[in-house]
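Asker: Here you go, sequence then predicted model.
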Protein chains: 2
Amino acid sequence: MIDKVIIAEDQEFANLSVQKTMDDLKVKQYDYAFYCDDALAKIQLAQKKGEPYDLLITDLSFEDDGTAQKINDGIELIRAVRSIQPGILILILSGQYRPVDIHNLFENHEVDAYVRKARHDVQELKAAMDALSKGQRYYPRSLAQLIKRSNTYEFTEFDITIIRLLSEGYQQNKIPDYLKEHNIKPSSLSSIEKRLNQIREELGFANNQQLMVFCSNAGLL
Amino acid sequence: MIDKVIIAEDQEFANLSVQKTMDDLKVKQYDYAFYCDDALAKIQLAQKKGEPYDLLITDLSFEDDGTAQKINDGIELIRAVRSIQPGILILILSGQYRPVDIHNLFENHEVDAYVRKARHDVQELKAAMDALSKGQRYYPRSLAQLIKRSNTYEFTEFDITIIRLLSEGYQQNKIPDYLKEHNIKPSSLSSIEKRLNQIREELGFANNQQLMVFCSNAGLL
DNA sequence: CTTTTTGTTACGGTTAACCGTAACTAGTGG
DNA sequence: CCACTAGTTACGGTTAACCGTAACAAAAAG
């Protein structure tokens, strides 16, 4: 059973509605936080007291307002939480498609459920909670399809570096210098050209501009 | 006074919380819709009955689920509503920065208030409602700054066409053919080159890839 | 230690993109 | 009707990007 829940969500609208849903579901105890740091602190404290949370419901993107925070991102929060309480259930509640991030979460089995802030999100959340309480995971299949479709291709760290540099206005023939300075393994112009060529071919893109837009939309940059 | 409100918001979480806020603010009557078409129909009906809404609270992006809809976008909804009830107040409630869209809304004075789904959105919404009931507009200044910063440059329709074609993988020297086919006025390769050059210069970009990412982030494509 | 495989780099030819200049066109105003 | 201006187009030279091939290096397999 899921008796104790912590909600990390910076949007007040969403936070409130999730709380209300917890009421509807008769969850015995839940707390909420608007900042990752606060959520992490509460989880840590509960853990020390021997009354750990069963489930973390968290957004992926947190907005930076004035107050300085150590953690300002859902992914980082998840990693931090997993390091202090590996067994906690994690439910992602996110508004944006961030195919790359989500793909990683899927791959590493770091999360147990995913609910999008979308048309029937309340029902989705209830269904997810139901699945979790039965020991199941919960991924809407629409999401799984999206991931597959938009991220068949596996970008390496090297790829992302190149693409990032291009998106910052670097010229291809100046990238080798940058790579050498930063001790990145393949650093020749040939390697860069070959890699870009391969990526374009596999994704069926005609030019780099198309690739850039794709990566931008996928949240790679 | 704002006595009668219609809420158009597809996210159930947000819709619920807005309703709750209307309760808190003692708004006499409010209705809600999860689809643009539904919202528009309600506005039309109320208008005919001689009991028009004072305020429309709407999201900008609506998700396409199975059900076919005539209107599937906040901007379109606003235009449609304005055409049948020009005097209605409009409050945007949006999660994403869409600099281009928002910039247009600002420019054309089509909206009366803007609230972002973010950290203190409930207070923001209450403050916006307060301003509106006093006959004022409500734009958070953080947003105004963002607009200015990210959209100094004014893209023409021609610019956007070119950029769109490039983002779809068109080669520059094939774009003239496309333009001629579609009877778009400047159609020579020279014009395209010159325009791109000018845009890059004004925005301080070194290559097209950088421009593409910028346009993608600005929501131009 | 050799062979094979895999990956990286170097080089040259080709194509596309870039950039300046000049010719041409259309619209404006005298 | 003739300048004048702004915008468009045509052209040629330069640079960057693309692409194939072969040499080379490093790791894996024999």
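Answerer: Ah, there it is.
Asker: can you list the domain ranges for chain A.
Answerer: Domain assignment of chain A by automatic domain parsing yields the ranges A:4-148, A:157-218.
Asker: Could you show which parts of chain A are in contact with DNA strand D?
Answerer: Chain A comes close to DNA strand D at residues A:171-173, A:190, A:193, A:196-197, A:200, A:207-208, as judged by C-beta under 7 Å from any atom of the strand. C-beta: built from backbone N, CA, C; applies to glycine.
Asker: Select from those the one having the most neighbours.
Answerer: The most crowded member of these, judged by other C-beta atoms under 10 Å in any protein chain shown, is A:N208 (21 neighbours).
Asker: returning to what we had before: can you name the two of the residues of chain A next to DNA strand D that are farthest apart?
Answerer: Farthest pair in these (C-beta to C-beta) is A:S190 and A:N207. Separation: 19.3 Å.
Asker: follow-up on the earlier one: out of the domains of chain A, nearest to B:E124?
Answerer: Closest approach to B:E124 among these (C-beta to C-beta): domain A:4-148, 8.7 Å.
Asker: before we move on, the earlier item: which of the domains of chain A has the highest mean neighbour count?
Answerer: Comparing the domains of chain A by mean neighbour count (mean count of other C-beta atoms under 10 Å in any protein chain shown), domain A:4-148 ranks first with a mean of 18.
Asker: just for chain A, where's the confidence low?
Answerer: A:97-99, A:106-107, A:109, A:141-153 (pLDDT under 70).
Asker: So for chain A, the centremost residue is which one?
Answerer: A:D101 (4.2 Å; C-alpha atoms, centre = their mean).
Asker: could you point out which element follows the strand or helix carrying that one?
Answerer: In this assignment (DSSP states H and E), A:D101 forms part of helix A:99-107. The helix or strand immediately downstream of helix A:99-107 is strand A:113-116, counting by DSSP H and E.
Asker: Quick one: list the elements packing against that following strand.
Answerer: When contacts are defined as 3 or more C-beta pairs under 8 Å, 6 or more residues apart in numbering or on different chains; DSSP states H and E, strand A:113-116 sits against strand A:89-94, helix A:121-133.
Asker: hmm, 10 Å instead?
Answerer: The helices and strands touching strand A:113-116, judged by 3 or more C-beta pairs under 10 Å, 6 or more residues apart in numbering or on different chains; DSSP states H and E, are strand A:55-58, strand A:89-94, helix A:99-107, helix A:121-133, helix A:141-150.
Asker: Tell me who's in contact with the closest residue to A:M129 other than its chain neighbours.
Answerer: Using C-beta to C-beta, 6 or more residues apart in numbering or on different chains and skipping the chain neighbours, the partner closest in space to A:M129 is A:L25 (5.8 Å). Residues near A:L25 by C-beta atoms under 10 Å, 6 or more residues apart in numbering or on different chains: A:2, A:5, A:125-126, A:129-130, A:133.
Asker: Now tabulate these in a markdown table and tack on distance to B:Q96.
Answerer: Formatted as a markdown table, the contacts of A:L25 follow (distance: C-beta to C-beta, whole Å):
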| residue | distance to B:Q96 |
| --- | --- |
| A:I2 | 31 |
| A:V5 | 27 |
| A:L125 | 21 |
| A:K126 | 26 |
| A:M129 | 27 |
| A:D130 | 30 |
| A:S133 | 33 |
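Asker: Which of those sits closest to B:N15?
Answerer: Nearest to B:N15 out of the contacts of A:L25 is A:L125 (C-beta to C-beta; 13.8 Å).
Asker: Hmm, the closest one is touching B:L16, no?
Answerer: No - here A:L125 lies out of contact with B:L16, judged by C-beta atoms under 10 Å, at a distance of 11.5 Å.
Asker: Now the common contact residues for the two.
Answerer: A:17, A:21.
Asker: check contacts around A:L77.
Answerer: For A:L77, the contact set (C-beta under 10 Å, 6+ apart) comprises A:8, A:33, A:35-37, A:39-40, A:43, A:56, A:58-60, A:62, A:70-71, A:90.
Asker: Looking at these, which two lie furthest apart in space?
Answerer: Farthest pair in the contacts of A:L77 (C-beta to C-beta) is A:K70 and A:I90. Separation: 18.9 Å.
Asker: what's near enough to touch the closest residue to DNA strand D within chain A?
Answerer: For chain A and DNA strand D, the shortest gap (C-beta to the nearest atom of the strand) falls at A:Q172, measuring 3.5 Å. The contact partners of A:Q172, taken as C-beta under 10 Å, 6+ apart, are A:162, A:165-166, A:189, A:192-193, A:196, A:208, B:207, B:209.
Asker: cool, A:D59 as well?
Answerer: A:7-11, A:14-15, A:18, A:36, A:73-74, A:77, A:92-96, A:117.
Asker: residue boundaries of the helices in chain A?
Answerer: Ranges of helices in chain A, per DSSP state H, are A:12-24, A:36-48, A:74-84, A:99-107, A:121-133, A:141-150, A:157-167, A:175-181, A:189-203, A:208-218.
Asker: could you check the angle strand A:89-94 makes with the fifth one?
Answerer: Taking axes from the mean of the first three to the mean of the last three C-alpha atoms, to 10 degrees, one finds that helix A:121-133 is oriented at 160 degrees with respect to strand A:89-94.
Asker: Work out the gap between helix A:121-133 and the centre of the chain.
Answerer: 19 Å (C-alpha atoms, centre = their mean, to the nearest Å).
Asker: Which strands and helices lie in contact with it?
Answerer: Applying 3+ C-beta pairs under 10 Å, 6+ apart, we find helix A:121-133 packed against helix A:12-24, strand A:55-58, strand A:89-94, strand A:113-116, helix B:12-24.
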